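Participant: Based on what follows, work out the 3D shape:
(2 chains)
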There are 2 protein chains.
Amino acid sequence: MIKCLLLSTALFCALAGNAQISDSLAFKTISDQVLTRGKCYEDLKVLCKTVGNRISGSPQAAKAVEWGEKTMRETGCDKVWLQPVMVPVWKRGEEHLALKFSATGDYEDVPMTSLGNSEGTGGRLLKGDIVMIKSFEEFERMDKASVEGKIVFFNYRFRQDFPNSFPGYGDAVKYRWQSPIIAGKKNPAAIIIRSISTGDDDYPHTGSTRYEENGPKFPIVAIGNKTADKLEMACLNGGTMAAMKTNCKMDGTALSYNVIGEITGSTKPNDYIIVGGHLDSWDIGEGAHDDGAGCVQSMEVLRTMKKLSIRPKRTIRAVLFMNEENGLKGGTAYADSALARKEKHILALESDAGGFSPRGIETTMSKKQREKFKKYAPLFLPYGVYNFDEEGGGADVSPLKKQGVVIGELLPDSQRYFDVHHTDNDVFETVNHRELKLGAAAMTMFIYLVDKNDLLD
Amino acid sequence: MIKCLLLSTALFCALAGNAQISDSLAFKTISDQVLTRGKCYEDLKVLCKTVGNRISGSPQAAKAVEWGEKTMRETGCDKVWLQPVMVPVWKRGEEHLALKFSATGDYEDVPMTSLGNSEGTGGRLLKGDIVMIKSFEEFERMDKASVEGKIVFFNYRFRQDFPNSFPGYGDAVKYRWQSPIIAGKKNPAAIIIRSISTGDDDYPHTGSTRYEENGPKFPIVAIGNKTADKLEMACLNGGTMAAMKTNCKMDGTALSYNVIGEITGSTKPNDYIIVGGHLDSWDIGEGAHDDGAGCVQSMEVLRTMKKLSIRPKRTIRAVLFMNEENGLKGGTAYADSALARKEKHILALESDAGGFSPRGIETTMSKKQREKFKKYAPLFLPYGVYNFDEEGGGADVSPLKKQGVVIGELLPDSQRYFDVHHTDNDVFETVNHRELKLGAAAMTMFIYLVDKNDLLD
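Facilitator: Next up, the predicted model:
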């Protein structure tokens, strides 16, 4: 171990001078703490197995807030409180989809999920012919008569050619997010989409959608890749039909909370650095990667600092945001409060891309800030974290960006995320303890470094 | 897509001049081919699900050779053949272990696995008191009388503090590989080891061990981490006993084969670059990560070159080595044959660290070669591959190193490997299609680059 530290030390001395020796040693101490004594993996197990999924406004979300408050206190941080947030309530209810794959065949039940924030059939059976459409461009070219009253199947495949899967998600997700608005103009009876999924399986993926304001509201559901493959083949021959019965609906608003914990800064207590994930999840699976992982990692940052007696100059907050999935009300409430209280935020980091091995941290640093930071970037290399070139930040912290705060997001390995994202398969068992912990360690190191060396001042 | 390519192009122009533009475009073409039309994931499924595990000399290993030959031909490469190898045969047979966790308790059956190449109890019931020992150093300090005739429990934990898990493996694996030699001097009745495992579970991990030549041969078995935790607690109170009945034994040798395919070089056909994995596996699980992944990735290299009509200057061979796990006879036979035939090998690359997201390639390049290569290293960054600084190479290609050949090994993300390594849980379902394919793409790019730009001449 000593040999290891000395080697690292030698490396970083050569790279950037003596000032970084103590940072290098601190990084190793942080890594040791998280990898060998960190509790985030156990925390995640409790969240997934005793609370389970937790959509905004649900009884489970209330239970998650309780869990979050309790777990935040257990980190040993200086102060814990709940920040009230009004959240939209979407309820799924029972749902079924059956497909007829040929003119003469029978209906077959298939795995499906209604999209979040969508309206259902109100429990009535909705039947109709299926029209397969591969893209919005193709849809725009079709006349209204060939779509009206039909069930439109948007059969757009997640592009697998991007080496990082997030650009593929960005490319495909418009078919989940914009379909009702674009298709609405031609008055379909309902929409079925191919799930926004890299998976070689039949899990349907949910996620938010939206309607034109005051426009028509019709059901929109997703099917898994295998079912979509089968339906695609069938549509080439014609005679395909769908029968769906769903009950989902918006159901007003409810009072919920962001959970916040902080370590009060030693010399600049009125400067804030925050780290967070979102506490709500979709109402299927366990919200393990999305975003239980980000919540437990954020709390691990506080726990690690406390355990190692690291006294940050600035106040460090962990925030478990409510309602990222279908409203972003938690992120908005936090930013509104920061503005109202004139809290000077230096950095807002999020983890909301899964609990996988960290590879980098994207930020909205200025060019000058980034240049300053990058002198320290080699310190992260022994931990497999090398990419600080990307521009971006998490959804929950994006409202702070509008206030001029530098925001960021942990960049874990992206290959597996969209296999499980928003599905019944996003469960604790798909999270690896070492990957999750390394992400928490990288977040702690990043915040430690920015605070200690005043990198964003 | 065009925009994407142009951006990459601009980046690499800026980095290293026009000569790299075509390499950058070739990399994107290789990546597209493997990610969207590659067959390695489907190949792995067939190997895992129709052949299954395949220890050297077993009927399944013979079936794997047939599968390898057939699949190699399907890559479209120019030539396929089998290279005979005599391999040691180790047979497991039925095996049981029961532990008594207290003086007054009953025996409880626990999950266990005999270590590879070890001798069993010959079907007899072996019972004895357990002596827990935490390290070889502690063992050396003990007098012979306190060990003789006892069942020694080497309770050494896999260190989780290394950010990369391979140094942790290197640190712990001596308790699997050297225990019989070190403990043999004090004549124990048998050895139980804590599995060489990062897993938060109870899977026992097998793997090779060995005895002192002409020394005593006694049973050595591994238990999973959960059982080891329980036994550790129990040993603190005393009265622990073990009862084992095992049948494993060495059973002579058998004829088997390396499977070799090649694309004949266009201008330097007598210069060879090889890429390989090992076809044998342990006799539990499916040998998916270890090392079905390396086999299908190596064949994907040939397939990709053929599909893209890349005509390498040098002859590129994919080699599926037999008997890496418990003898290295395949790697040795290949190197012996290369020497006998005076085949000039330029590079021997292996993939045998799991089918996870690639992060780098370690090699034994000279300093000068590495400097030359590293000018091209930024080309790999868009594919998440950044680490070319490590010194090392795969086990099967290590005999070639003795002949002065540069050897190497793909460095995938290491976090999950030692959860599944040598267990019943090393199955197809634990391999992600995109991670596996990105590894194959990185290997193809590396070989393409070395060949085209004469980087190792």
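
Participant: Could you pick out the residues of the stretch 301-450 of chain A near chain B for me?
Facilitator: Within the stretch 301-450 of chain A, the positions near chain B by CB under 8 Å from any CB of the partner chain are A:357, A:359, A:382-384, A:386, A:413, A:415-416, A:419, A:432-435, A:438, A:441. (C-beta placed from N, C-alpha, C; glycine too.)

Participant: quick one: which of these is nearest residue B:372?
Facilitator: Residue B:372 lies nearest to residue A:386 out of these, by CB to CB, at 21.7 Å.

Participant: In space, what's closest to the closest one - neighbours in sequence excluded?
Facilitator: residue B:386 (5.2 Å; CB to CB, 6 or more residues apart in numbering or on different chains).

Participant: can I assume that neighbour is in contact with residue B:380?
Facilitator: Yes. Under the criterion of CB atoms under 8 Å, residue B:386 makes contact with residue B:380 at 6.7 Å.

Participant: So which of these two has more stuff around it?
Facilitator: residue B:380 (22 against 19; other CB atoms under 10 Å in any protein chain shown).

Participant: Assign that one to helix, strand or coil.
Facilitator: Following DSSP: H, G, I helix; E, B strand; the rest coil, residue B:380 is assigned to helix.

Participant: Output the host helix or strand of residue A:306 as CSV - backbone C-alpha positions only.
Facilitator: Using DSSP states H and E, the element containing residue A:306 is helix A:293-307. Extracted C-alpha coordinates of helix A:293-307, given in CSV (Å, rounded to 0.1, in the frame of the first residue of the first chain):
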residue,chain,number,x,y,z
ALA,A,293,-27.7,5.1,-7.3
GLY,A,294,-27.3,8.9,-7.5
CYS,A,295,-29.1,9.4,-4.1
VAL,A,296,-26.9,6.9,-2.2
GLN,A,297,-23.8,8.2,-3.9
SER,A,298,-24.6,11.8,-3.0
MET,A,299,-25.1,10.8,0.7
GLU,A,300,-21.8,8.9,0.5
VAL,A,301,-20.0,12.1,-0.3
LEU,A,302,-21.1,13.6,3.0
ARG,A,303,-20.5,10.4,4.9
THR,A,304,-17.0,10.1,3.4
MET,A,305,-16.1,13.7,4.3
LYS,A,306,-17.3,13.2,7.9
LYS,A,307,-15.6,9.9,8.3
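
Participant: same for that helix, what does it pack against?
Facilitator: Helix A:293-307 sits against helix A:40-46, helix A:59-74, strand A:249-263, strand A:268-278, strand A:314-321, helix A:433-452, with contacts defined as 3 or more CB pairs under 8 Å, 6 or more residues apart in numbering or on different chains; DSSP states H and E.

Participant: tell me the domain ranges of chain A?
Facilitator: A:2-90+A:252-452, A:93-247 (automatic domain parsing).

Participant: Following the lowest-mean-pLDDT helix or strand in chain A in sequence, what is the next regular element?
Facilitator: Taking mean pLDDT, DSSP states H and E as the measure, chain A has helix A:2-16 as its least confident helix or strand, at a mean of 45. Going down the chain from helix A:2-16, the next helix or strand is helix A:19-32, by DSSP H and E.

Participant: Up against chain B, what does the stretch 51-200 of chain A have?
Facilitator: For the stretch 51-200 of chain A, the residues in contact with chain B (CB under 8 Å from any CB) are A:160, A:161, A:163, A:164, A:165, A:198, A:200.

Participant: Just these: which are in strands?
Facilitator: Members of those lying in strands (criterion: DSSP state E): none.

Participant: Kindly indicate the member of those with the most neighbours.
Facilitator: The residue in these with the most neighbours, by other CB under 10 Å, is residue A:198 (28 neighbours).

Participant: tell me the contacts of it?
Facilitator: Applying CB atoms under 8 Å, 6 or more residues apart in numbering or on different chains to residue A:198 gives the contacts A:158, A:160, A:165, A:168, A:415, A:418, A:419, B:433, B:434.

Participant: and the fifth one, what pLDDT?
Facilitator: According to the model's per-residue confidence, residue A:415 sits at a pLDDT of 98.

Participant: And the closest residue to it other than its chain neighbours, how close does it get to residue A:164?
Facilitator: Nearest residue to residue A:415 in three dimensions, chain neighbours excluded: residue B:434, at 4.3 Å (CB to CB, 6+ apart). Going from residue B:434 to residue A:164 by CB to CB, to the nearest Å gives 10 Å.

Participant: likewise residue A:395?
Facilitator: Counting by CB to CB - residue A:395 and residue A:164 are separated by 18 Å.

Participant: Can you get me a residue count around the residue nearest to residue A:415?
Facilitator: By other CB under 10 Å, neighbour count at residue B:434 equals 23.

Participant: now do residue A:371
Facilitator: Residues lying near residue A:371 (other CB under 10 Å) number 10.

Participant: And the one helix or strand it maps to, what's buried?
Facilitator: Here residue A:371, judged by DSSP H and E, is contained in helix A:367-374. Neighbour counts over helix A:367-374 (16 or more other CB atoms under 10 Å in any protein chain shown) mark A:369, A:370, A:372, A:373 as buried.

Participant: and the end-to-end length of stretch A:311-325?
Facilitator: 34 Å (CA to CA, to the nearest Å).

Participant: Quick check: residue A:347 is in a helix.
Facilitator: No. Counting by three-state DSSP, residue A:347 is not found in a helix; it is strand.

Participant: Can you name the residues that contact residue A:239?
Facilitator: By CB under 8 Å, 6+ apart, residue A:239 lies in contact with A:100, A:102, A:103, A:104, A:105.

Participant: most surrounded residue in the residues you listed?
Facilitator: Top of these by neighbour number is residue A:100, holding 19 neighbours under the definition other CB under 10 Å.

Participant: what about it, distance to residue A:230?
Facilitator: Counting by CB to CB - residue A:100 and residue A:230 are separated by 12 Å.

Participant: what bits of chain A have low per-residue confidence?
Facilitator: For chain A, the stretches flagged by pLDDT under 70 are A:1-19.

Participant: wait, what's in contact with the residue nearest the centre of it?
Facilitator: When CA atoms, centre = their mean is applied to chain A, the residue found nearest the centroid is residue A:352 (3.8 Å). Contact analysis of residue A:352 by CB under 8 Å, 6+ apart lists A:277, A:278, A:290, A:291, A:294, A:324, A:394, A:395, A:396, A:409.

Participant: Among the contacts of residue A:198, name the ones in helices.
Facilitator: Applying DSSP state H to the contacts of residue A:198, the entries found in helices are A:165, A:168, A:418, A:419, B:433, B:434.

Participant: farthest pair in those?
Facilitator: By the measure CB to CB, A:168 and B:433 form the most distant pair in those, at 13.3 Å.

Participant: that older thread, make CSV out of the contacts of residue A:198 and add distance to residue B:132.
Facilitator: Formatted as CSV, the contacts of residue A:198 follow (distance: CB to CB, whole Å):
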residue, distance to residue B:132
A:158, 52
A:160, 50
A:165, 46
A:168, 51
A:415, 41
A:418, 46
A:419, 42
B:433, 43
B:434, 43
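
Participant: from those, which single one is nearest residue A:331?
Facilitator: Sorting the contacts of residue A:198 by distance to residue A:331 puts residue A:418 at the head of the list, at 22.0 Å, by CB to CB.

Participant: Surely that closest one and residue A:168 touch.
Facilitator: Yes. Proximity of residue A:418 to residue A:168 meets the contact threshold set by CB under 8 Å, at 7.3 Å.

Participant: Who is residue A:192 paired with across the strands?
Facilitator: Beta-bridge pairing for residue A:192 (DSSP bridges): residue A:153, residue A:221.

Participant: Right, I'll call it a day here.
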